[in-house]
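1. Sequence and predicted structure below; questions after.
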Amino acid sequence: MSGSNCCSFQSNISTISPRGEHSSHCYTVVKRSLAISIIFNLLIPIFQIIGGIYANSTAILSDALHNLGDSITLILTYIAFIAARKTATATHTFGYKRAEVIAAFFNTMIIVGASALILAEAVERFLHPKPILGEWVVGLALVGMIGNGISVFLLHRHTEGNMNIKSAFIHLLGDFLTSLGVLLGGIVLLFKPWYWIDPLLSFAIVVLIIKGCWRIFRDALRILMEATPPNVDLCKVKEAIEGIQGVLGAHYLHAWMVHPSNVAFSCHVVVEDQPLSSVASLRKNIEDMLNVRFQINHPILQFETAPCGTGAMICELACTEYQASNHDGTPRDRSISSYTSFIKSPAFKEKLALLLRVLFGGVFIFASLDKILNPKSFAEVIFNYHVLPDVLINFVAVTLPWVEFVTGSSLVGGWGVMGALAVLNSLLMIFIGLIIFNIIRGIDISCGCFFTEIENVSTATMWLEVFRDFVILMIGLWLFRYYSMGVKSNPWKESELK
């Protein structure tokens, strides 16, 4: 770690301690950098919207909405960065550092979604080139480059060891490269009417963006799945522990990351029968070795005088093998009734609820993206329903997609689960009712639930849309029932659900 990069959040006490003077200085610097970046990325769309309206350019207005999405990403990063500073509590014993990992995971999803929309627009423009005002493209691209360039400069010093900041940095760097590509294309367009160069540059930029965010997505997913850190080889760790004098064996090894700079580890260590005070120095030797050789800074060691279970290196494999038979060694019952009991077990329902909750929230996040980027088209979709007064159409077109995005993100992240489910289930009921209302009135248009493109569809297709939304609603109602019963039977978990 270089001397100038003081805020890289490495795994030493002076850096991560909330009470340390060095940590407080780094925290203030990063917080200020994020705040300045948010301000710049709120100013960029203002100039682009004004310029886009003046130039009558929908491309510039779309880019303005994309930059507004960047502001949301930075705000999410800012909130997660502050939340990660909260100390451990009785309900969150590792603290809130993983909030930054969750934010990084969501940021990469937003990046991929935005890249997909850019790619789709590039394909459309490549097949059907449109005239572009080169002078306005160059001017507004410079505005984007300046704003995003300042943000990239401010954040690049703080990306090392902080996945949350790095994901925001990659997002802004992608926007900077996008503005650079648009600038170069605009310069070419000033002299040559090569309109195909704009989508060609978009293809190249999307490839660079996806390549940059893939590693962050993979590392964030690895941490959230509590996988073994890539730099920790459990076989070598086991050999190293057993090579220390006084250790007879080691088994049931677990290694995971709470945060990129916090690697936790647990295992059972077999020693000779002796007083507990006698293993203090041995414990210190093992912890020092783990920290120096494998960068493990949160070890949990359980000392035993004999191996428990089968004494295998991985606990889960040993438990699976052990539980496959009864205590007398006879094969355990694997009839249909035993599998039925497993499906009805609380553990299975908990895992199923988590999976469905993430998918349910992800559906609404996906459904909101095209509406956020194309509010004018979504307003036309709402108008075609003929149920709202004209004065409310634009308001609903702007606010409804953000309600879907925020509540969907809240549901995926596990924050305010009951409230998010109540809002999204209510929206689904309204959507289903409106589609059926259109069928009754003979208005054969697509519902606009996922895409804002207006097209005529058959009545059968509209009934399929009703069936699709009904299935999603049933999932949402089951989740609402599951979590509401969990709160009633476990009042102490209420804060976790919220």
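-> Sure, I can see it.

2. Helix or strand with the lowest mean pLDDT in this structure?
-> Each helix and strand of the chain was given a mean pLDDT (mean pLDDT, DSSP states H and E); the minimum falls on helix 13-16 at a mean of 34.

3. Where does the record place the domain boundaries for the protein?
-> Residue ranges for the structural domains of the chain, counted by automatic domain parsing, are given in the record as 13-224, 234-332, 343-497.

4. Identify, out of those, the most deeply packed stretch.
-> Comparing those by mean neighbour count (mean count of other C-beta atoms under 10 Å), domain 13-224 ranks first with a mean of 19. For every residue, glycine as well, the C-beta is placed using N, CA and C.

5. Could you list the low-confidence segments of the stretch 301-450 of the chain?
-> The model of the stretch 301-450 of the chain has pLDDT under 70 over residues 309-311, 315-345, 446-448.

6. Which other helices and strands does the one helix or strand residue 101 maps to contact?
-> Assignment of secondary structure by DSSP states H and E places residue 101 within helix 98-127. When contacts are defined as 3 or more C-beta pairs under 8 Å, 6 or more residues apart in numbering; DSSP states H and E, helix 98-127 packs onto helix 58-83, helix 163-191, helix 197-224, strand 249-259, helix 346-373, helix 390-413.

7. Mind giving me the packing neighbours of the fifth one?
-> Packed against helix 346-373, as judged by 3+ C-beta pairs under 8 Å, 6+ apart, are the following elements: helix 58-83, helix 98-127, helix 390-413, helix 417-441, helix 459-489.

8. Identify all contacting residues around the next helix or strand after it.
-> Scanning the chain past helix 346-373 towards its C-terminal end, the next helix or strand to appear is helix 375-385 (assignment: DSSP H and E). Under the criterion C-beta atoms under 8 Å, 6 or more residues apart in numbering, residues 65, 370-371, 388, 390, 393-394, 396-398, 400-401, 434, 438, 443, 445, 448, 452-454 lie in contact with helix 375-385.

9. Distance to residue 308 added to the helices and strands packed on helix 346-373, as a markdown table?
-> Listed next are the helices and strands packed on helix 346-373 as a markdown table, based on distance: least, C-beta to C-beta, whole Å:
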| stretch | distance to residue 308 |
| --- | --- |
| helix 58-83 | 38 |
| helix 98-127 | 30 |
| helix 390-413 | 37 |
| helix 417-441 | 37 |
| helix 459-489 | 33 |
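
10. Just tell me which of these ends up closest to residue 187.
-> Of all the helices and strands packed on helix 346-373, helix 58-83 sits nearest to residue 187, with 16.3 Å by C-beta to C-beta.

11. and the helix holding residue 101, how far from the chain's centre?
-> Distance of helix 98-127 from the chain centroid (C-alpha atoms, centre = their mean, to the nearest Å) equals 11 Å.

12. quick one, the next helix or strand after that helix and helix 163-191 angle?
-> Scanning forward in sequence from helix 98-127, with DSSP H and E defining helices and strands, the next element found is helix 134-155. Between the axes of helix 134-155 and helix 163-191, defined by axes from the mean of the first three to the mean of the last three C-alpha atoms, to 10 degrees, the angle is 160 degrees.

13. Helix 134-155 packs against which elements?
-> If you count contacts as 3+ C-beta pairs under 8 Å, 6+ apart, helix 134-155 packs onto helix 21-55, helix 58-83, helix 163-191.

14. can you list contacts of stretch 417-425?
-> Under the criterion C-beta under 8 Å, 6+ apart, residues 357, 360-361, 364, 403-404, 407-408, 410-411, 473, 476-477, 479-480, 483-484, 487, 497-498 lie in contact with stretch 417-425.

15. Could you check how far that stretch is from the centre of its chain?
-> With C-alpha atoms, centre = their mean as the basis, stretch 417-425 stands 19 Å off its chain's centre.

16. ditto for stretch 156-175
-> Centre to centre, stretch against its chain (C-alpha atoms, centre = their mean), the figure for stretch 156-175 is 14 Å.

17. swap in stretch 404-420?
-> From the chain centre to the centre of stretch 404-420 is a distance of 13 Å (C-alpha atoms, centre = their mean).

18. and that stretch, how far apart are its ends?
-> Taking C-alpha to C-alpha, to the nearest Å, the first and last residues of stretch 404-420 lie 9 Å apart.
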